[in-house]
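Visitor: Predicted model and sequence follow; I will ask about them next.
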Amino acid sequence: MQDLSNLTRFSTFAGVVVLAVISLIATLVWSGWFVLPLVFFGALSALGIQDVRQPSHSILRNYPVLGHMRFLFEGIRPEIRQYLIENDQDEEPFSRDARSLVYQRAKGQEDARPFGTRMRVYDAGYSWVTHSVQPKHITDTDFRITIGGKECKQPYLASIYNISAMSFGSLSANAISALNKGAAKGGFAHDTGEGGISRYHREAGGDLIYEIGSGYFGCRTEDGQFSPEKFAEQAASDQIKMVEVKLSQGAKPGHGGMLPAAKITEEISEARGVPMGQDCISPASHSAFSTPLEMMEFLGKLRELSGGKPVGFKLCIGHQREFMCMVKAMLVTGIIPDFIVVDGTEGGTGAAPLEFANHVGMPMVEGLTFVHNTLRGAGIRDQIKLGAAGKIVSAFDIARALALGADWCNSARGFMFAIGCIQAQACHTNHCPVGVATQDPLRARALDPLHKSVRVARFHRNTLKALGEMTGAAGLSQPTDFLPHHLMQRQSDRSMVQGNQAFPYLPEGFLVDDHAADHMGYKDRWSRANAETFNPPEYV
């Protein structure tokens, strides 16, 4: 039996050697045309010899030649699954239905669905919007909100659906150009990501949200510290409408990053303000502040240096007490950020360690609900606008986020789909097949910025049109009128629960009222939060 097993394992290798020998004989005896199979089988024979001798892969030593089939199928497994096996509703991470919806709206194609829903409406987790017997017809779907508190001198009239943070360097020059041209055409905002403001962000003149991460790219000193002078110079541009300090992102909250020196081009060096030939480090935390009070003072400083433009921050919720520390610091200093963006752990366009992507950070729904209710409990919700990000690509996604407390929504991967992303999930390899997430100029050349920018603007316009139809069906005049009770959700026991039961709005001011009742443990966390430090209190 053992001999038979060995014979089976090496049969393919033996077969190609035999065929190579036969081809050699045939070439010498019959016809020179047999040199073609000789070359082919000879190459496979040489490969088999190399497989037997190499020490790295056990499967190739045991199955020479044949073992390469395993690596071939492993390499194309995502494509096989995506195109042949995956169900239309399987989220890997976006379902085919979701991607198709974006493609259709970006191309201006019919997005109606015949023969009824394919959703499993009786399964746990299914949710829907309640509609009215007195629907409204909304003609103007250019929905906007004003962002900017009482200390803001240049408030921004923003669309309620904008392009989320994606850096130049992660995305190609053509991709950034297409997104910004589309934002300019559609009249909505484009978040720069923490990689700085590149020439491709500027060339079309689309509205920008300048994101500042822990690397302070575009506004840093030579040793990587924050530079007030460089920031003021950047923020003076009329194109920059808001300034966003990134504390964490959904894909890898609490994790820094490094762009190797080999990947830093002259254009990336120019945008980030970093030298060529050196690794570019993004620390895990900021150096400009280390306490909640210092953080609020930093935000106030940015508002002053920018000439009074809206200033806020983005985070994925981790320790809930730490966010409450920030809110207490707002109350102590009187410095209230103009906006906060809540990123969910389901977000993220770039590559992240698997453990971080799967098991670190709070999902958007719970994070948004917590931030919204904490600000309500502190009595300052009406002074801060809330953005939400995390797999928001459809009108229902926007409506749900608005109902849970958001004032506007951002989308990264939705707009990536609009410019041609096929979810190949090769973003970190530099081998993006459609030129979106790559710095390879030949691959990036496949993406035509002018053509794709039209799709970006069209996707935005058609999504807001669909949102207007859904808003009208609910009997509302504006999407911002959505409240939790406009949502229904099916529970695990197949019973229905109304949104205001699953995600209730907590009472205004209850956290700062000593006589008010606690709700869901909020007051316990609030009592342990300290405006002077993020460190946890000592437990006795």
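Guide: That came through fine.
Visitor: where in this protein is pLDDT low?
Guide: Along the chain, the model assigns pLDDT under 70 to residues 1-7, 77-91, 251, 254, 256, 262, 348-352, 493, 539-540.
Visitor: Where is the longest helix in it?
Guide: helix 449-473 (DSSP state H).
Visitor: Adjacent strands (with direction) for the very next helix or strand once past that one?
Guide: Where DSSP states H and E defines the elements, the next helix or strand beyond helix 449-473 is strand 487-490. Note on strand 487-490: by DSSP bridges, its sheet partners are strand 127-129 (antiparallel), strand 496-498 (antiparallel).
Visitor: list the helices and strands the longest helix of the chain packs on?
Guide: helix 96-107, strand 161-163, helix 173-186, helix 395-403, helix 413-418 (3 or more C-beta pairs under 8 Å, 6 or more residues apart in numbering; DSSP states H and E). Yep, even glycine has a C-beta here, placed from its N, CA and C like the rest.
Visitor: can you tell which of these is closest to Gln425?
Guide: helix 413-418 (11.0 Å; C-beta to C-beta).
Visitor: Give me the helices and strands touching the helix or strand following the closest one, please.
Guide: Heading C-terminal from helix 413-418, the first helix or strand you meet, by DSSP H and E, is helix 441-444. Helix 441-444 sits against helix 173-186, with contacts defined as 3+ C-beta pairs under 8 Å, 6+ apart.
Visitor: Give me the contact list for whichever helix or strand comes after the helix it packs on.
Guide: Downstream of helix 173-186, the next assigned helix or strand under DSSP H and E is strand 190-191. Contact partners of strand 190-191, identified using C-beta atoms under 8 Å, 6 or more residues apart in numbering, comprise 162-166, 179-180, 183, 201, 206-209, 211, 244, 410.
Visitor: go again using 7 Å as the cut-off
Guide: 162-165, 179-180, 183, 206-209, 211, 244, 410 (C-beta atoms under 7 Å, 6 or more residues apart in numbering).
Visitor: Helices along the stretch 1-150 of the chain, start to end?
Guide: Secondary structure of the stretch 1-150 of the chain, counting by DSSP state H, counting those that start in this stretch: helices at 2-9, 11-29, 35-53, 58-62, 68-80, 96-107.
Visitor: deepest of these, which one?
Guide: Stretch with highest mean neighbour count among the helices of the stretch 1-150 of the chain: helix 96-107 (a mean of 20; mean count of other C-beta atoms under 10 Å).
Visitor: Run through the bridge partners of Gly257.
Guide: Ser282.
Visitor: sorry, back to before: right, and the helices and strands packed on helix 449-473 - which one's nearest Ser495?
Guide: That would be helix 395-403 among those, by C-beta to C-beta, at 19.6 Å.
Visitor: Go ahead and measure how far that closest one is from the middle of the chain.
Guide: From the chain centre to the centre of helix 395-403 is a distance of 17 Å (C-alpha atoms, centre = their mean, to the nearest Å).
Visitor: next one: stretch 190-204
Guide: On C-alpha atoms, centre = their mean, the centre of stretch 190-204 falls 16 Å from that of its chain.
Visitor: Now do the end-to-end distance for that stretch.
Guide: Terminal residues of stretch 190-204 lie 11 Å apart, using C-alpha to C-alpha, to the nearest Å.
Visitor: on that earlier part again, can you put the strands paired with strand 487-490 in TSV and add distance to Ile147?
Guide: Listed next are these as TSV, based on distance: least, C-beta to C-beta, whole Å:
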stretch	distance to Ile147
strand 127-129	25
strand 496-498	30
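Visitor: Tell me which of those strands sits most buried.
Guide: strand 127-129 (a mean of 17).
Visitor: so which of the helices and strands packed on helix 449-473 comes closest to Gly468?
Guide: Nearest to Gly468, of all the helices and strands packed on helix 449-473, is helix 395-403, at 8.3 Å by C-beta to C-beta.
Visitor: hey, C-alpha coordinates of that closest one in PDB?
Guide: Provided in PDB are the C-alpha atoms of helix 395-403 (Å, rounded to 0.1, in the frame of the first residue of the first chain):
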ATOM      1  CA  ALA A 395     -30.500  55.000   0.700                       C
ATOM      2  CA  PHE A 396     -31.700  52.600   3.400                       C
ATOM      3  CA  ASP A 397     -28.200  52.600   5.000                       C
ATOM      4  CA  ILE A 398     -28.300  56.400   5.100                       C
ATOM      5  CA  ALA A 399     -31.900  56.500   6.500                       C
ATOM      6  CA  ARG A 400     -31.000  54.000   9.200                       C
ATOM      7  CA  ALA A 401     -27.900  56.000  10.300                       C
ATOM      8  CA  LEU A 402     -29.900  59.200  10.400                       C
ATOM      9  CA  ALA A 403     -32.600  57.600  12.400                       C
END
